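*Asks:* I'll drop the sequence and a predicted model, then ask my questions.
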Amino acid sequence: MSAVRIEALLPGHAEEVLAIYQAGIDEGNATFETRAPQWTAFDEGRLPRHRFVALDGGGAVLGWVAASPVSDRCAYAGVVEHSVYVHPEARGRGVARALLDALIASTETAGIWTIQSGIFPENTASLALHQGAGFRVIGTRERIGRHHGAWRDVLLLERRSGLVN
């Protein structure tokens, strides 16, 4: 991966981030969502200290990662769920792994003990990425939701911190 830098995801990245999100949505195996949200909803739903963009040498956004709390109950204060998306033309260059590594580093520093994600079984590239970064499949949520009229399974993955006990 050359000339890629990881920085905080800021409002100035909104248009490119949401376009990458919509591209992933349009491919059909990334999320149950059918449209990227407006920036305000996206921004409010993600933790400011745990969201990053990958930028090329000219400052264009190649991908993003962001975490959200799973619950407002104090017992789950150290558990987040995340999403990672990469521009279709930037895939296969290590962008997603660099973003995931940045997220893991930020959550470790913040005392977060579990990062989780739900991934469609058909999204084999995302599964391989996550397993390579220390995530493990903990189960299948069978027919958990309908997507374009069909029931879909989701694999639940988690990464437990080795630093936070």
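*Replies:* Here it is on my side, so go on.

*Asks:* residue boundaries of the strands in this structure?
*Replies:* In the chain, the segments counted as strands under DSSP state E are 5-8, 51-55, 61-69, 79-86, 114-119, 136-147, 150-160.

*Asks:* For the ones you listed, give me TSV that also has mean neighbour count and mean pLDDT.
*Replies:* Bear in mind the C-beta positions are built from the backbone N, C-alpha and C, glycine included. Converted to TSV, the strands of the chain look like this (neighbours: other CB atoms under 10 Å; pLDDT from 0 to 100):
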stretch	mean neighbour count	mean pLDDT
strand 5-8	14	98
strand 51-55	24	98
strand 61-69	23	98
strand 79-86	22	98
strand 114-119	20	97
strand 136-147	12	96
strand 150-160	16	97
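
*Asks:* Could I get those strands in JSON lines, plus columns for distance to residue 97?
*Replies:* Converted to JSON lines, the strands of the chain look like this (distance: least, CB to CB, whole Å):
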{"stretch": "strand 5-8", "distance to residue 97": "11"}
{"stretch": "strand 51-55", "distance to residue 97": "10"}
{"stretch": "strand 61-69", "distance to residue 97": "10"}
{"stretch": "strand 79-86", "distance to residue 97": "9"}
{"stretch": "strand 114-119", "distance to residue 97": "14"}
{"stretch": "strand 136-147", "distance to residue 97": "17"}
{"stretch": "strand 150-160", "distance to residue 97": "13"}
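
*Asks:* Go through the ones you listed and name the closest to residue 34.
*Replies:* strand 136-147 (8.3 Å; CB to CB).

*Asks:* Let me know the angle separating the closest one from strand 150-160.
*Replies:* Here the directions of strand 136-147 and strand 150-160 differ by 150 degrees (axes from the mean of the first three to the mean of the last three CA atoms, to 10 degrees).

*Asks:* related to what we said a few turns ago, go through the strands of the chain and name the closest to residue 45.
*Replies:* Closest approach to residue 45 among the strands of the chain (CB to CB): strand 61-69, 5.5 Å.
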